[in-house]
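Peer 1: Just the structure for this:
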Amino acid sequence: MSSHGPAIPMTARRGGPLRGSAEVPGDKSISHRALIFGALAVGETRIEGLLEGQDVLDTAAAMRAFGAEVTRHGPGHWSVHGVGVGGFAEPEAVIDCGNSGTGVRLIMGAMATTPITATFTGDASLNSRPMGRVTDPLALFGARAFGRSGGRLPMTVIGAADPVPVRYTLPVASAQVKSAVLLAGLNAPGQTVVIEPEPTRDHTERMLRGFGAEVAVEDTSEGRVITLTGQPELRPQAVAVPRDPSSAAFPACAALMVPGSDVRIPGVSQNPTRNGLYLTLRDMGADIAFENPHEEGGEPVADLRLRHGGALRGIEVPPDRAASMIDEYPVLAALAGSAEGTTVMRGIGELRVKESDRIDAMARGLEACGVRVEETRDSLTVHGCGGDGVPGGATVESRLDHRIAMSFLCLGLVARDPVTVDDAGPIATSFPVFEALMRDLGADIRRDG
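Peer 2: Residues are numbered from 1 along each chain as shown. Below is the predicted model:
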């Protein structure tokens with residue numbers, strides 16, 4: 001069963017080339033932040049291009065529960081009448097964040113320095129994920145959290161009545177943890193400092209500045225030091241959400257796998273903290289063009305054009321790219337299964353605490369499809385099938401993980417025998433138009449039954 005209804009098995013089969021334009025949804029990371037920052041501003045924030053996947057809709061519902069007025073005016077067109085920094089009201093009911101680790105962790109940060117209490121829950125996948133990495137630094141502000149063993153949801157967070165600013169060094173490269181600490185710092189006096197030894201996606205810092213907060217970023221011997229001056233009055237904004245590079249990764253990798261393909265993906269974010277996959281694909285020999293570069297909502301964007309030029313070659317992915325492509329490793333692993341030679345991905349232990357243990361999920365699924373793999377705690381090695389082709393012919397467990405489901409459906413487009421995903425329902429959390437978009441490009445992807 002998926003978290004939003006009965007399981008939806010789906011099968012992908014080998015077919016002709018993929019051709020056309022793939023208009024992927026708005027960036028999920030920016031969509032979450034636009035809603036939360038709009039709720040913390042005073043006045044009306046208007047958002048264009050908001051991703052309307054279930055994860056983001058759950059964040060919109062949460063902002064309503066905390067007192068903001070959130071309205072949908074049309075597809076992707078939303079407004080948020082905010083309550084100001086420190087203005088969150090205490091929710092009357094439990095906040096259900098569904099499948100979204102980003103949503104729950106950022107929202108916890110946003111309310112942690114306001115003297116209110118909120119209880120959070122999610123689906124089976126989210127309720128199995130560790131929250132201590134967020135609640136530990138939030139405790140430094142004075143917040144308290146009470147959850148299940150292992151720091152898991154359901155969890156009640158009691159916000160600090162007299163918050164203090166903190167200086168915190170991230171123990172793991174996590175934009176979610178960094179953002180939660182910065183959001184908590186908004187309602188603390190003085191300066192809150194976050195030090196990240198490895199840079200992670202910087203949408204929070206960019207958007208904080210756009211909404212009027214004072215944020216300084218400095219590269220030092222300790223790493224990247226982000227200093228936020230607390231208790232600003234955030235100004236409402238008009239936010240244009242660029243298209244999601246993590247969603248674009250699926251039609252992009254599929255086009256590079258399927259012979260004869262030529263696919264254009266317009267308006268994709270080219271934020272340098274999110275572009276690791278595309279650098280890696282070029283290293284593997286991919287034909288990628290970045291056309292029409294411009295800016296949307298303070299984020300660099302470009303149109304991607306991807307043409308199949310034969311099997312890509314396996315490489316050792318630089319470990320320092322992990323933070324900039326952490327969500328793209330599943331589809332990269334699928335693509336590596338069809339490449340020539342061996343692809344080695346190291347420094348990816350963070351994948352074990354995503355919506356599923358993604359290293360294990362990809363390894364077991366690839367093995368079922370006839371691809372030889374090796375794994376360690378923080379690495380995955382894929383021995384590509386190259387000219388022999390991926391055998392396929394397997395049913396793969398999605399494990400309530402949207403990216404696992406989409407990755408194996410892309411692999412099925414080049415496998416010798418069809419690849420079935422036991423439940424494609426979770427895809428709706430981040431990419432609700434995936435099925436239709438891929439079929440419009442020519443992919444043979446069908447629901448079973």
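Peer 1: From now on I want contacts and neighbour counts done on CA atoms only, so please keep to that.
Peer 2: OK.
Peer 1: Look up phi and psi at the closest residue to Gly109 other than its chain neighbours.
Peer 2: Setting aside the residues directly before and after it, Gly109 is nearest to Ala180 in space (CA to CA, 6 or more residues apart in numbering), at 4.1 Å. Main-chain torsions, Ala180, degrees, to the nearest 10: phi -60, psi -40.
Peer 1: what's the answer for the one 5 residues further on, then?
Peer 2: The phi and psi torsions at Gly185 (degrees, to the nearest 10) take the values phi -70, psi -20.
Peer 1: I'd say it and Tyr168 touch.
Peer 2: No. Between Gly185 and Tyr168 there is no contact under CA atoms under 8 Å: 11.0 Å.
Peer 1: Between the two, which is the more surrounded one?
Peer 2: More crowded of Gly185 and Tyr168, by other CA atoms under 10 Å: Gly185, with 31 against 17.
Peer 1: Check which residues of the strand or helix carrying Leu182 are buried.
Peer 2: Under the criterion DSSP states H and E, the helix or strand holding Leu182 is helix 175-185. Neighbour counts over helix 175-185 (16 or more other CA atoms under 10 Å) mark Ala175, Gln176, Val177, Lys178, Ser179, Ala180, Val181, Leu182, Leu183, Ala184, Gly185 as buried.
Peer 1: could you measure the second one against Thr204, distance?
Peer 2: It stands for Gln176. Going from Gln176 to Thr204 by CA to CA, to the nearest Å gives 9 Å.
Peer 1: With adjacent residues omitted, what lies nearest to Leu186?
Peer 2: Gly230 (4.6 Å).
Peer 1: what about stretch 148-161, average pLDDT?
Peer 2: The predicted model gives stretch 148-161 an average pLDDT of 97.
Peer 1: gap between the two ends of it?
Peer 2: Across stretch 148-161, first to last residue, CA to CA, it's 24 Å.
Peer 1: Identify the residues contacting that stretch?
Peer 2: 108, 111-122, 126-132, 141-147 (CA atoms under 8 Å, 6 or more residues apart in numbering).
Peer 1: Next step: these restricted to strands.
Peer 2: Judged by DSSP state E, these include Thr117, Ala118, Thr119, Phe120, Thr121, Arg144, Ala145, Phe146, Gly147 as members of strands.
Peer 1: How about the contacts made by the first one?
Peer 2: Going back to what we said before, that points to Thr117. Per CA under 8 Å, 6+ apart, neighbours of Thr117: Glu90, Pro91, Thr156, Val157, Ile158, Gly159.
Peer 1: How many neighbouring residues does the closest residue to Arg201 other than its chain neighbours have?
Peer 2: In this structure, Arg201 finds its nearest non-sequential neighbour in Thr273, 4.6 Å apart by CA to CA, 6+ apart. Other residues near Thr273 number 15, with proximity taken as other CA under 10 Å.
Peer 1: now do the one 3 residues further on
Peer 2: When neighbours are defined as other CA under 10 Å, Gly276 has 21 of them.
Peer 1: Now for it: which residues touch it?
Peer 2: Gly276 neighbours (CA under 8 Å, 6+ apart): Arg321, Ala322, Ser324, Met325.
Peer 1: what do you get for Val42?
Peer 2: Here Val42 is in contact with His81, Gly82, Val83, Gly84, Glu233, Leu234, Arg235, Pro236 (CA under 8 Å, 6+ apart).
Peer 1: ok so, going back, reformat the buried residues of helix 175-185 as a markdown table; add pLDDT.
Peer 2: Listed next are the buried residues of helix 175-185 as a markdown table, based on pLDDT from 0 to 100:
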| residue | pLDDT |
| --- | --- |
| Ala175 | 93 |
| Gln176 | 95 |
| Val177 | 96 |
| Lys178 | 98 |
| Ser179 | 98 |
| Ala180 | 98 |
| Val181 | 98 |
| Leu182 | 98 |
| Leu183 | 98 |
| Ala184 | 98 |
| Gly185 | 98 |
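Peer 1: Before I go, just wanted to say thanks for your time.
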